[in-house]
Each structure stands twice: as structure tokens, then as C-alpha cells.
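*Asks:* need a 3D model of the sequence below.
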Amino acid sequence: MSGEHEHLSDNIKALREARGLSQQQIAKAAGIPRATWTNMESGAANPTLTVLIKVANALQVRLDELLAAAHPPARHLRADELPVRVRGHVTVRRLLPESLPGLDLERMVLPPSARMAGVPHTPGTREYLTCERGTVELAVAGERYTLAAGDVVTFRGDQRHGYHNPGKVVAVAYSVIAFAPMS
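*Replies:* Next up, the predicted model:
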């Protein structure tokens, strides 16, 4: 059995079971015979593209997800395994081990009096800054916003902006950057 067929059979079975559906129920939803579904889950079938599209639609996933190599149910990464960069005195740590299309999540640690210039992004980008601890001052488009723990500011990320810790204790903030969709 080829790897792709093995992935297909494992994936459709796992997706069906995760939805709590029987083979009969999902086959009916896909508009294919139950025997066809059973053969796909066992790896004995060589389904046509039309059948694969019906299966993907019934499971509400993209076609490439049906054929992808299986991912482990969880992955534990230690803090030192995540990318970190230092800009001036500010430490910026990515919060996700892989890129998500159109989205960046970062944790910023700003020592007292630290400053960091933000990088303007493409037009239409939105940023969300949340202060977890201490005080963070956000300068954006000529305005200043002072965030205390729990505060959030949302702003256009295509403008000049910068971060500053005006306090006497370390500040921690989270930045979510939602990039403008590519046209």
C-alpha cells in the first residue's frame, strides 16, 4: 500500500470518528455506497477524484487534508525551542512553532525604560496589543496609548508604531498581527 493511500485511509477514519459518525452515516452524507467508504478506510480502494471531493465535502475538510501525512495528536515544545529575537533591550518570542498564513503571535518582554520601533506592515494589516504585566505605552499614528495589565489596543499595522515601557518593572505584552489578505 502506498503512503498516500495509507494517509487517506487513516485520515478519513480519524476524521469520521472525531465527528462521532458511523460509516453508514458519513457514506450517506457523502453520497457514496457504504462499501466504498469501508474500502477507503481499509486502504483497499483507489477512489476517483470525484469520490475524494465528495468525501472531503462530507467531512468538511480540504482535499489536501485527506491526503496529508498524519500529525501527532499533540506536540510539546520547550520555551527554548521557539524562535526568539532581541531588538535593543526588548526580547520578542514567537508563540507558535510554525507559521499560520496571515497571522503572527509574539510575546514581548520590555525591561524598564525599554523602547522598540514596530515595523509597518502591508496596507490592511491589523494589530492587537495586549498587556499582560506592567505598563506598555504604544505610540501609533501620532497618538499614545498606555496599557495596564489586561488592556488591549487594536490598530492599523500599516502605520508607524512603537512600544515603550515607562514603568520601573518589567512589562510583558502580546502582539497579534493579522496580515491583510493577499490579492
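*Asks:* domain ranges for the chain?
*Replies:* 3-67, 79-178 (automatic domain parsing).
*Asks:* nearest to residue 73, out of those domains?
*Replies:* Closest of the domains of the chain to residue 73 is domain 3-67, at 9.6 Å (criterion: CB to CB). For the C-beta atoms, the positions are set from N, CA and C on the backbone; glycine is no exception.
*Asks:* distance from the chain centre to that closest one, please.
*Replies:* On the basis of CA atoms, centre = their mean, to the nearest Å, domain 3-67 is displaced by 25 Å from the centre of the chain it belongs to.
*Asks:* residue numbering should commence at 7 henceforth.
*Replies:* Yep, numbering from 7; the last one is domain 9-73 now.
*Asks:* show me the contacts for the residue of the chain positioned farthest from its centre.
*Replies:* When distances are taken from the C-alpha mean of the chain, residue 41 lies farthest, 36.5 Å away, according to CA atoms, centre = their mean. With contact set as CB atoms under 8 Å, 6 or more residues apart in numbering, residue 41 has no partners.
*Asks:* now it: which helix or strand?
*Replies:* Here residue 41, judged by DSSP states H and E, is contained in helix 40-48.
*Asks:* can you name every helix or strand that the next helix or strand after that helix contacts?
*Replies:* Next in sequence after helix 40-48, counting helices and strands by DSSP H and E, comes helix 55-65. Judged by 3 or more CB pairs under 8 Å, 6 or more residues apart in numbering; DSSP states H and E, the packing partners of helix 55-65 are helix 9-24, helix 29-36, helix 40-48, helix 69-73.
*Asks:* could you dump those to JSON lines with distance to residue 101 and mean pLDDT?
*Replies:* Listed next are the helices and strands packed on helix 55-65 as JSON lines, based on distance: least, CB to CB, whole Å; pLDDT from 0 to 100:
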{"stretch": "helix 9-24", "distance to residue 101": "25", "mean pLDDT": "79"}
{"stretch": "helix 29-36", "distance to residue 101": "35", "mean pLDDT": "92"}
{"stretch": "helix 40-48", "distance to residue 101": "36", "mean pLDDT": "90"}
{"stretch": "helix 69-73", "distance to residue 101": "24", "mean pLDDT": "81"}
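*Asks:* residue 138: which of those is closest?
*Replies:* Nearest of the helices and strands packed on helix 55-65 (CB to CB): helix 9-24, 33.1 Å.
*Asks:* got the angle between that closest one and helix 40-48?
*Replies:* Helix 9-24 runs at 110 degrees relative to helix 40-48, counting by axes from the mean of the first three to the mean of the last three CA atoms, to 10 degrees.
*Asks:* list the buried residues for helix 9-24?
*Replies:* Within helix 9-24, the residues that qualify as buried are 11, 13-15, 17-19, 21-22, counting by 16 or more other CB atoms under 10 Å.
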